[in-house]
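*Asks:* with the input below, show me the fold.
(chains A and B)
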There are 2 protein chains.
Amino acid sequence: MGKVLTLDTINPNMKKIEYAVRGPIVERAIQIEKELEKGQSKTFTEVIKCNIGDCHATGQKAITFLRQVTALAVCPHLLEDKGFPEDAKSRATDLLSACAGSSIGSYSHSLGLEMVRKHVAKYIHQRDGIESNWVNIFLSTGATEAVKMLLELISTTGQGSERAGVMIPVPQYPLYSATNSEYNNFQINYYLNENDNWSLSTDELNRALTSVKEQCIPKAIVVINPGNPTGQILPRRCMKDIIKFAVDNRLMIIADEVYQHNVYQPDKYPWVSFKKVVFEMGPGYSDKLELASLMSCSKGYMGECGYRGGYCELLNFDPAVRAQLYKALSARLCPPLMGQVALEAIVNPPQSNEPSFPLFVQERDNVLSALKEKADITYNALNSMPNMSCNPVQGAMYAFPRIYLPPAAIQEAEKRGEKPDFFYCLQLLEEKGICVVPGSGFGQEEGTYHFRTTILPSVEKMKYVMKQIKEFHISFIKKYS
Amino acid sequence: MGKVLTLDTINPNMKKIEYAVRGPIVERAIQIEKELEKGQSKTFTEVIKCNIGDCHATGQKAITFLRQVTALAVCPHLLEDKGFPEDAKSRATDLLSACAGSSIGSYSHSLGLEMVRKHVAKYIHQRDGIESNWVNIFLSTGATEAVKMLLELISTTGQGSERAGVMIPVPQYPLYSATNSEYNNFQINYYLNENDNWSLSTDELNRALTSVKEQCIPKAIVVINPGNPTGQILPRRCMKDIIKFAVDNRLMIIADEVYQHNVYQPDKYPWVSFKKVVFEMGPGYSDKLELASLMSCSKGYMGECGYRGGYCELLNFDPAVRAQLYKALSARLCPPLMGQVALEAIVNPPQSNEPSFPLFVQERDNVLSALKEKADITYNALNSMPNMSCNPVQGAMYAFPRIYLPPAAIQEAEKRGEKPDFFYCLQLLEEKGICVVPGSGFGQEEGTYHFRTTILPSVEKMKYVMKQIKEFHISFIKKYS
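*Replies:* Take a look at the predicted model:
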């Protein structure tokens, strides 16, 4: 007699989940690292992981202030230590007063510490110039948890045409497709226009929505801005089109704005929040559009992925629906307190009259200016290669170049039962130790091939990564031409 | 035109979620705290929250070693600080070497740091005397995340008799009923026998399973040991019956063993893991039973709820199923690094030849002996009240007394549209500032009424809590008699 749980008896939606950022290429990269450790000879000495937006893993240093606040909250006896600045101490003291039993080892309210939620509201207010009500804000375990809760909230238990439809960009961050699979939502793909810097048009949104008529109940549109994996920043005009489209078609917007600090040419390509644009559009939109905006501690200049901190702000939600969402969140007790500590340090950073301010500004600006430099290096290097083109990296942490593969390479991939860009990326890993993610993991227009690389390794290493990719790419193209 | 998301259009399963531990009584308790802060006059000066197993919130102190390891991992410059002991430094150094980029700000492997998973395996091996393979262990965001993932894994997308059936104890920890609602599992209640110290018999398990014949596809049985909310420790005999029942009826066991350190009379009522008993039963069980065992950083002597750390060990899972579960976990990136740090300190605590050992032992034993004392105080006090009876608190952190309510009290509750024990608990809160959870939030035999109180406040406070409950209880009973 066989197992109780088999591939035939487990949740079929779980089987449909695909998450390429941590898929088989990454597993192979981990294996190669172990082979290198064992002394196996390769043409490279280390695997460089450009597969994931994991800032600290690739050498980015932590923001001192954020870490000091954490250590003080963890070990309050350090509040007596002269080595810690007063502003970090005052943040930690405030946090501990907000914690039950004055300990970060207690649970918080299931939506997060009230103090942190209020500071998030203040941060949003300062950012947008528009009031934010802290009761519309809940703290989450990274932004990931908020995405999952929202896509679960809007899902139906219906099948066929009764399923909830969710519009997602192609290319997209695969958490969205994975979560739609998990909750049986009908995925409606809208394509970003690679030829116009990954912009999107109302025509395309209309085409996408019309194409699924009667196949589902469209409920939401996901927008990632700055773009992941595509690195573009949406112009205001484009955002207005999306908002109008959403209101006209009765869709809520899930705005993934986790890269809001990763903006490399703010004069030329400024980032604005969806909330701000909605309010600029005035009544009919500002009092109507149901919007959920997501933010994370894992990206930006801080890059504290391991803390698993984030928040979500809701706009124009029916209070009864909000209550249902909040109730569901209560069953998981609370988001990690350390993530809340990190978020507090981010939304309430050192002010100009505080002792940590100069170091904080220096560390933050160092990270962001290095990212800007690497965005340029990457863009220029990729566009210098034959059979490759790449849009500018205006924001976020990724380049998503298009690779033009010769037919023989595509045939070879098919022979191996691999997608052509997967084949390309696996060869790149095996030959050069560079780990990137095939475009097929994010979605791409049929017949086009891409990969996503982060721009996170140090400037020197990023130059080396580009050199390795170039060598590999040229020889790969030659081999199959 | 109304909202996109309304109570009629959102996920109906989400609406069914109920989680009493954080329900309306707790919301009212928070409100009363604010009223007290504003100077509103009450017959009490503070709200004492006995609703939730939140150790630090009620004054339990953190284990110094665990906090030191955390602070060192967060601020590695403290490794130079003479105020921190060498063993804490060596744990932090090992943890940082295991982290990508030597930073706890990086993501870990989605199943947790390999080093911590290996140390968990070693801890289990030492505990049970049975080998544990680290590849069967994944780290989780508290134990809650593991519960949710497992109940999602076994759920089907089927309706009616095609739904997955999950046997859960009554009374139960409401995470189980909430999660079954969330994933549309069919809940099969089996009743613990209050008259025999919340034991359970094969007869009752058979009755429960037979009663749902053809109504669902039974797949799993949840067992909570030590019991929550019931505080009993299952005797080996009982565990063997459950294991045999599970194998005979083709059910997997989800063993909630998060209170494995909370055992107050180990000589008389020893705790053993399900895994150990399964192996004692030998082939036919040890090679067959699909078991998932859960552990958490939030309970025990450490009580670090805010860290959100935990693990799950799988036994006899089909590797293909395990791979599907692990894939689904990868989409949420990783469990909080700080929870992994805490778990490391728990499964790899100071050894007798290390400098932190004496303090660690003292702190651990202080917590556990105080809990034992409070278990006795609570048991004795509750049983001294008329119209009340309570089983001994052998383990975990809760007492679950039965209250015998006069008919007039039940009528009054009905008049108010409240469940009788909810009415009782709300009055207790309003009159005495003591916050406990009605038995109806955990499930109870029809026509019986209970509440759950933690035993977490300090010894002095616990005596005060009991005094307040006694005064309230006697006057309540009198009023309605």
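*Asks:* in contact with residue A:442, which residues?
*Replies:* Going by CB atoms under 8 Å, 6 or more residues apart in numbering or on different chains, residue A:442 touches A:20, A:170-174, A:229, A:400, A:450, A:452. Every residue, glycine included, has its C-beta placed from N, CA and C.
*Asks:* got TSV for the residues you listed, with neighbour count too?
*Replies:* TSV is the format used below for the contacts of residue A:442 (neighbours: other CB atoms under 10 Å in any protein chain shown):
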residue	neighbour count
A:20	23
A:170	16
A:171	28
A:172	24
A:173	28
A:174	24
A:229	28
A:400	27
A:450	29
A:452	28
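*Asks:* those residues also near chain B: which ones?
*Replies:* Among the contacts of residue A:442, proximity to chain B is found for residue A:174 (CB under 8 Å from any CB of the partner chain).
*Asks:* need the residues that contact stretch A:316-326.
*Replies:* Applying CB under 8 Å, 6+ apart, the external contacts of stretch A:316-326 come out as A:110-111, A:136, A:138, A:149-150, A:153, A:287-292, A:314, B:3, B:5-7, B:10, B:14-15.
*Asks:* return the member of the contacts of residue A:442 nearest to residue A:143.
*Replies:* Ranked by distance to residue A:143 (CB to CB), those are led by residue A:173 at 10.0 Å.
*Asks:* which residues are in contact with the closest one?
*Replies:* Contacts for residue A:173 (CB under 8 Å, 6+ apart) come out as A:224, A:228-229, A:256, A:442.
*Asks:* repeat for residue A:411
*Replies:* If you count contacts by CB under 8 Å, 6+ apart, residue A:411 has none.
*Asks:* so which strand or helix has it?
*Replies:* helix A:407-416 (DSSP states H and E).
*Asks:* quick revisit: can I get the contacts of residue A:442 in JSON lines with distance to residue B:432?
*Replies:* Shown next, in JSON lines, are those (distance: CB to CB, whole Å):
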{"residue": "A:20", "distance to residue B:432": "56"}
{"residue": "A:170", "distance to residue B:432": "59"}
{"residue": "A:171", "distance to residue B:432": "59"}
{"residue": "A:172", "distance to residue B:432": "54"}
{"residue": "A:173", "distance to residue B:432": "51"}
{"residue": "A:174", "distance to residue B:432": "53"}
{"residue": "A:229", "distance to residue B:432": "57"}
{"residue": "A:400", "distance to residue B:432": "62"}
{"residue": "A:450", "distance to residue B:432": "65"}
{"residue": "A:452", "distance to residue B:432": "59"}
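*Asks:* now the contacts of residue A:442 in a markdown table, with pLDDT?
*Replies:* Converted to a markdown table, the contacts of residue A:442 look like this (pLDDT from 0 to 100):
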| residue | pLDDT |
| --- | --- |
| A:20 | 72 |
| A:170 | 97 |
| A:171 | 96 |
| A:172 | 94 |
| A:173 | 93 |
| A:174 | 92 |
| A:229 | 96 |
| A:400 | 98 |
| A:450 | 98 |
| A:452 | 97 |
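*Asks:* what's the pLDDT at residue A:1?
*Replies:* If you check residue A:1, the pLDDT there is 67.
*Asks:* and the longest helix seen in chain A, anywhere near chain B?
*Replies:* Identified as the longest helix of chain A according to DSSP state H is helix A:357-383. No. Helix A:357-383 lies apart from chain B when judged by CB under 8 Å from any CB; the minimum separation is 12.1 Å.
*Asks:* list the helices and strands that helix packs on?
*Replies:* Helix A:357-383 is packed against helix A:64-74, strand A:388-389, strand A:398-399, helix A:459-480, with contacts defined by 3 or more CB pairs under 8 Å, 6 or more residues apart in numbering or on different chains; DSSP states H and E.
*Asks:* if we go to 10 Å?
*Replies:* Applying 3 or more CB pairs under 10 Å, 6 or more residues apart in numbering or on different chains; DSSP states H and E, one finds that helix A:357-383 makes contact with helix A:64-74, strand A:388-389, strand A:398-399, strand A:449-454, helix A:459-480.
*Asks:* in TSV, list the ones you listed along with distance to residue B:34.
*Replies:* Formatted as TSV, the helices and strands packed on helix A:357-383 follow (distance: least, CB to CB, whole Å):
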stretch	distance to residue B:34
helix A:64-74	24
strand A:388-389	59
strand A:398-399	45
strand A:449-454	46
helix A:459-480	52
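*Asks:* excluding covalently adjacent residues, which one is nearest to the residue nearest the centre of chain A?
*Replies:* Centroid-nearest residue in chain A, with CA atoms, centre = their mean: residue A:258, separated by 5.8 Å. Distances taken as CB to CB, 6 or more residues apart in numbering or on different chains put residue A:296 closest to residue A:258, at 4.1 Å, once the chain neighbours are dropped.
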